[in-house]
Structures are given as C-alpha cells and as structure tokens.
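A.B. asks: generate a structure from the sequence data that follows.
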Amino acid sequence: MAKTPAPVVHSSLRAIPSVERILSADAFEPLIRDFGRERVKESLIDHLTTVRATRAEYDEAEAATTVGASIVAATRSTLRRVINGSGVIIHTNLGRSPIHASIWAEAAEIVSGYSNLEFDLEEGERGARDEHLTAICRTLFGCESAILTNNNAAGTMLALAALAAGKEVIVSRGELVEIGGAFRVPDVIQQGGAKLREVGTTNRTRARDYADAVSRKTAAILRVHRSNFDIVGFTETPKVAELVAIAREKRVPLLYDEGSGRVVELHQYGFTPSATLAELIAQGVDVITCSTDKLIGATQGGLLLGREDLIEKCRRHPLMRALRVGKETYAIVATTLRAFATRKYEECVPVYRMLATPIDVLRTRAEMLVRGTRCAIVESRCALGGGTTPTETMASLAIEVPGNASELQTRFLRNDPPIVGRVQNERFTIDVRTLQESDLSQVAAALMETTSTAPGPALR
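C.D. replies: Next up is the predicted model:
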C-alpha cells in the first residue's frame, strides 16, 4: 500500500523563526521592556498567524512594528488632545472648557499626594468632602451653603429628590427643554422622584400661572434656563423677582436650574446682560444648580448654591454619595473659583482669555499662521457655546484653507494632534479665537504642509 505523501510546506513558512527566537531578537527588546514579555508574545503569535495565513515573507522589522502598533492600540484610550479651530469656545463635543496650566499646577499640589478630602484637620478626625467649596462660594455668590455633584443634571436631580420627592414641581411649558444627548428636563424631574406640574404655554407663561398652580401638593417652583435656543416674538416670561415673591407668599422654595454658571457679567464681551449667580442669590432664589465646565471654565461638575437648610437636605440625601465627585474635581473647581475671587479669570481661565482677546491680537496671530501659505484671513463669528448664549456670537478671524472643504476637513482631523475646523459655504476654515497659544506652532506647521508656498496673507 502506497504511503500518503507528506504535506508540502511553503518555503516562506519554513523561514519563520520560532516564537522564542523572535522574542530574543534586539528588535523586540524595547517592546518587552515597555509592555512585558507575555503581552508581546500574545501579539506576536497573532501576527505570525496572519503571516502564515497569507503565506507572506516574514520580516523582523515589520513584525516588531506591527506588534508594537497592535499593543499600543490595545492598551491606550481613544481620548486624545485636539486643537479647537471650530469657532465654538465652550465646545461640548471637545470637552467644553480647557484648563489652564496654572490651574492644573495648583490643583496638582493637592491631588498628587494625600489630601484632607474627608478629614477634619482641626479636630483630627473624619470630616466631610461636601463642605470644601462652602467658604469660597459664600465669598463669590453670597449663598449660605454649597455642594458639588458630578454634573448639573445630577445636581438638579439631587435637589428634586431631596426637596420634592413624591410631590409636584411647577415648571413653565416653555422651559421643558432637551439638552445634549436627548436628556430632557421632564425625565430629570421624574428620576428625582417629583411630579411635573406644567403651567403656561410654550411661548407665554405669566407669574399668575405659577401662583394659581400652587397647592398643598406643591413642593417647589422650578425655573429652567433654556439651553441652546431662545423663544422670540409673541412671548412672556415672569421675572425672577416675581417668582421669588410668589414662592415667599406660597411658602415653597424657588429652584433655578441656571445651567451655564454665569459668575461674571458677559456684557463686557459684547453679549446681552443677564443675571449672574450672585445676583440670583441676592434676588432671593433659594437653590441654584449650574455646570462648572461652562462659564465657570473648570472641569465637569454640578454646583448647588443656596439656603443652608435646603442644601443640608441635599447633602444628607442618599443620592449624594452616588453623585459626589473626587479630590481632582474639588481641587480644579476650587482653584478656578479662586481665579474669579482674585479677579484673575482673564489670565487663568482659558474661556475668558479667548473672550478678552482683541481683534488686533487675533489678526497678528492669523498673519503668522498664513505666512508662506496660500491661505487667506477671513472675518468670522465665534460662538460662546455650551448653551450659554444660544442666539449671540462675537467677532473673530479665521484662516480659510484653499481646496476641497470635505477633503481638507478629513486631512486636518488626521493631523497629529487632530485639528477640528469648520466647513461653511463649502469652505474649510480654522477660527483663530478658539486656538490656544500653545496650538499656534502646530497649526502653522499643518497649514504649511497642506498648502504650497505663496506670497503673504490676504484679507477677505
């Protein structure tokens, strides 16, 4: 009986060294040092499986590069630093407010080691983390007490759960907004355990609508800042002072989901005046909730400001533990608030550095960016963003890059670091106001690489 012939082994497969021999090669030594032998071995075996399946020639340098790239991709977060040239200062999709290096450095003194997060240094015993911002918030806003949650929606939900569970909360129909991510105010009220009591209409709600709706079932009146849109035309909304008067008469608290965290008046930057947090407290609002990563310019958090007795109920509610923040958030928010208390916010808070930058300075930066390229300097409008001033913009300048807008957008997103620009009227632009000073050299290099050399800038 004839013997079955042995399978033919392709010559390229015979040339592949053993796994152990490959791992002993100099090319793999840095990978093993950085990631450990076992992880490198697993990735190498996967690579060799592909090589055998495709009957490709084994190449040591290519193997080391492929294995290294595979491990890096598998062991790093996809979260990256990007350059914001979109013309939106508080850009929710880009992490809202950037944090200045000086804020990080001061906060690092606290978070890089141990801290008194829950330790009373005077008594030498366990303390409470939710009291660390009380002093500075009293100074800045004139409130009696303050606590911090992980975002504004959490702060609003906590306030409703602590102050209105099982009872009615009166809200204008014109303020039942939906914010980013399909997150709706009625849902927040429901999850807080309260019952929604709508008053007025979409465009017109009067003070007497609130007064007539108050009953024994009422726990609070809630005013909500309309983020990302405005209602114009045939409209009516009661002033805060009117709601305060009704709340006092009916003996129910007035809660205000202010949202944006307006610490200082924005009129100085060209925006319509609106009440600051301190002014709302002075008018008699009982509890205010707001974000700390919008107009406050810090990291994500939800600040609750107001009467001591009401804030204390929130502090003691079981949800507080689920919604609390860590030492990093406390440190950054406190340091940022201190910049306002010391009148250094235009120096230390990037949002206000951008707002305060004059057009002449932007023009100087723009001229530097387009020098030696075919790009043009164009006038633009910059949005504050974050639902803070939904119908208003401010003057800015942008760099217009010649070429196909869609292709340019893709190309700049693939830059290292990615540059997020804006496509408008089939033109790709990079707004100068939203660029930080540390971004300028990298943007200039990307523009130079993308466009060919030509005489200096043009103003369109």
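
A.B. asks: domain parsing for this protein?
C.D. replies: What the record gives for the chain is the domain set 11-75, 83-89+354-450, 100-348, from automatic domain parsing.

A.B. asks: now do the end-to-end distance for the second one.
C.D. replies: Taking Cα to Cα, to the nearest Å as the measure, domain 83-89+354-450 stretches 16 Å from start to finish.

A.B. asks: where does this structure have low pLDDT?
C.D. replies: Applying pLDDT under 70 to the chain flags the ranges 1-14, 178-183, 227-234, 452-460.

A.B. asks: buried ones in stretch 410-421, by neighbour count?
C.D. replies: 411-412, 415, 419-421 (16 or more other Cβ atoms under 10 Å). The way it works is simple: take the backbone N, C-alpha and C, and place the C-beta from them, glycine included.

A.B. asks: narrow those residues to those in strands?
C.D. replies: Secondary structure from DSSP state E places 419-420 of the buried residues of stretch 410-421 in strands.

A.B. asks: tell me the one of the buried residues of stretch 410-421 nearest residue 389?
C.D. replies: Within the buried residues of stretch 410-421, the smallest distance to residue 389 is 20.7 Å, found for residue 420 (Cβ to Cβ).

A.B. asks: right, and the closest one touches residue 86 too?
C.D. replies: Yes. Counting by Cβ atoms under 8 Å, residue 420 sits close enough to residue 86 to count as a contact (5.1 Å).

A.B. asks: quick one, helices of the stretch 351-460 of the chain?
C.D. replies: With DSSP state H, counting those that start in this stretch as the definition, the stretch 351-460 of the chain shows helices at residue ranges 359-370, 405-413, 440-450.

A.B. asks: okay if I get those as CSV plus distance to residue 132?
C.D. replies: Converted to CSV, these look like this (distance: least, Cβ to Cβ, whole Å):
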stretch, distance to residue 132
helix 359-370, 37
helix 405-413, 39
helix 440-450, 36
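
A.B. asks: for residue 76, which of those is the nearest?
C.D. replies: Proximity to residue 76 (Cβ to Cβ) singles out helix 405-413 among those, at 18.2 Å.

A.B. asks: which secondary structure elements does the closest one contact?
C.D. replies: Helix 405-413 makes packing contacts with strand 419-420, strand 422-424, strand 427-431, helix 440-450 when contacts are defined by 3 or more Cβ pairs under 8 Å, 6 or more residues apart in numbering; DSSP states H and E.

A.B. asks: and the gap between residue 42 and residue 27?
C.D. replies: Taken as Cβ to Cβ, to the nearest Å, the spacing of residue 42 relative to residue 27 amounts to 17 Å.

A.B. asks: check residue 126 too.
C.D. replies: From residue 126 over to residue 27 (counting by Cβ to Cβ), the distance is 54 Å.

A.B. asks: again with residue 212
C.D. replies: Distance of residue 212 to residue 27, computed by Cβ to Cβ: 79 Å.

A.B. asks: check residue 447 too.
C.D. replies: When distance is defined by Cβ to Cβ, residue 447 is 37 Å away from residue 27.

A.B. asks: residue 295 belongs to a helix?
C.D. replies: No. When DSSP: H, G, I helix; E, B strand; the rest coil is applied, residue 295 is found to be coil, with no helix at that position.

A.B. asks: ok, now which ones touch it?
C.D. replies: The contact partners of residue 295, taken as Cβ atoms under 8 Å, 6 or more residues apart in numbering, are 90, 260-263, 266, 351, 386, 388.

A.B. asks: and residue 365, by the same measure?
C.D. replies: The neighbourhood of residue 365, defined by Cβ under 8 Å, 6+ apart, consists of 432, 435, 440.

A.B. asks: now do the SS call for residue 258.
C.D. replies: strand.

A.B. asks: and what of the one 5 residues further on?
C.D. replies: The local conformation at residue 263, judged by three-state DSSP, is coil.

A.B. asks: so how many other residues sit close to it?
C.D. replies: Counted with other Cβ atoms under 10 Å, residues neighbouring residue 263 total 23.

A.B. asks: quick check: phi and psi at it.
C.D. replies: When quoted as degrees, to the nearest 10, the phi and psi of residue 263 stand at phi -80, psi -40.

A.B. asks: now it, nearest residue through space, not along the chain?
C.D. replies: Counting by Cβ to Cβ, 6 or more residues apart in numbering, the nearest residue to residue 263 once its immediate chain neighbours are dropped is residue 340, at 5.1 Å.

A.B. asks: closest one to residue 95 among the helices of the stretch 351-460 of the chain?
C.D. replies: Nearest to residue 95, of the helices of the stretch 351-460 of the chain and by Cβ to Cβ, is helix 405-413 at 15.9 Å.

A.B. asks: tell me which stretches of the stretch 251-400 of the chain form strands.
C.D. replies: Per DSSP state E, counting those that start in this stretch, the stretch 251-400 of the chain has strands spanning 254-259, 287-291, 302-306, 376-385, 393-401. These are given in chain order.

A.B. asks: distance of residue 403 relative to residue 344?
C.D. replies: Spatial separation of residue 403 from residue 344 under the definition Cβ to Cβ is 42 Å.

A.B. asks: how about residue 134?
C.D. replies: Summarising the geometry, the distance separating residue 134 from residue 344, computed by Cβ to Cβ, is 21 Å.

A.B. asks: ok, back up a step: so between residue 126 and residue 27, which is more surrounded?
C.D. replies: With other Cβ under 10 Å as the criterion, residue 126 and residue 27 differ in neighbour count, and residue 27 comes out ahead with 16 against 8.

A.B. asks: helix or strand for the closest residue to that one other than its chain neighbours, which one?
C.D. replies: Distances taken as Cβ to Cβ, 6+ apart place residue 64 nearest to residue 27, at 4.1 Å, with adjacent residues excluded. When secondary structure is defined by DSSP states H and E, residue 64 falls within helix 60-75.

A.B. asks: now that helix: buried residues?
C.D. replies: For helix 60-75, burial by neighbour count (16+ other Cβ under 10 Å) applies to 63-64, 66-68, 70-71.

A.B. asks: mind putting these into a markdown table with distance to residue 149?
C.D. replies: As requested, those are arranged in a markdown table below (distance: Cβ to Cβ, whole Å):
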| residue | distance to residue 149 |
| --- | --- |
| 63 | 50 |
| 64 | 48 |
| 66 | 45 |
| 67 | 44 |
| 68 | 42 |
| 70 | 40 |
| 71 | 38 |
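
A.B. asks: out of the residues you listed, give me the two with the largest separation.
C.D. replies: Of all pairs drawn from the buried residues of helix 60-75, the greatest distance, 12.4 Å, lies between 63 and 71 (Cβ to Cβ).

A.B. asks: tell me the contacts of the residue nearest to residue 176 when sequence neighbours are not counted?
C.D. replies: Ranked by Cβ to Cβ, 6+ apart and with sequence neighbours excluded, the top spatial neighbour of residue 176 is residue 185, at 5.2 Å. Residues touching residue 185, when contacts are defined by Cβ under 8 Å, 6+ apart, comprise 171, 175-178, 224, 257.
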